[in-house]
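*Asks:* okay, predicted coordinates and the sequence, questions at the end:
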Amino acid sequence: MRNGCYSEQISTEKELAMPSVDIIIRGVKPASSESARQQYRRYCLGLVFTKNEEDRKRYSAYLEGMGMHYGFGFEEAKEIASQVVADLETVKDLVDWVLNPDLTA
């Protein structure tokens, strides 16, 4: 196989495997299923456990990109991340209450 043919084949395979950047950036590509939403929510869990503000900003930017990858628009990805954080804050409050009932009295 000639070197040029091989590189052309790889280039074509990459083009077929990668969706249009324009579609992803504009958030037009619809989310494929509920499983995509669940997978994205798992990525959002990391944001809750990141305490350093600079790291939180970087991770938030990463989540925006992952949201686009999964086919969510910017606002929808932000909303999902906010829901995950709120849900975990509720769980944290409940755990704190169970472990230290004197704090709420």
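*Replies:* Yep, that arrived.
*Asks:* for the protein, longest helix please?
*Replies:* helix 74-99 (DSSP state H).
*Asks:* tell me what that one is packed against?
*Replies:* helix 34-48, helix 53-69 (3 or more C-beta pairs under 8 Å, 6 or more residues apart in numbering; DSSP states H and E). All C-beta spots, glycine's among them, are computed from the backbone N, C-alpha and C.
*Asks:* the same query, at a cut-off of 6 Å, please.
*Replies:* Packing contacts for helix 74-99, counted by 3 or more C-beta pairs under 6 Å, 6 or more residues apart in numbering; DSSP states H and E, involve helix 34-48.
*Asks:* tell me the mean pLDDT for the helix it packs on?
*Replies:* Averaged over helix 34-48, pLDDT sits at 82.
*Asks:* next, the buried residues of it.
*Replies:* 36, 40, 43-44, 47-48 (16 or more other C-beta atoms under 10 Å).
*Asks:* much appreciated, bye for now.
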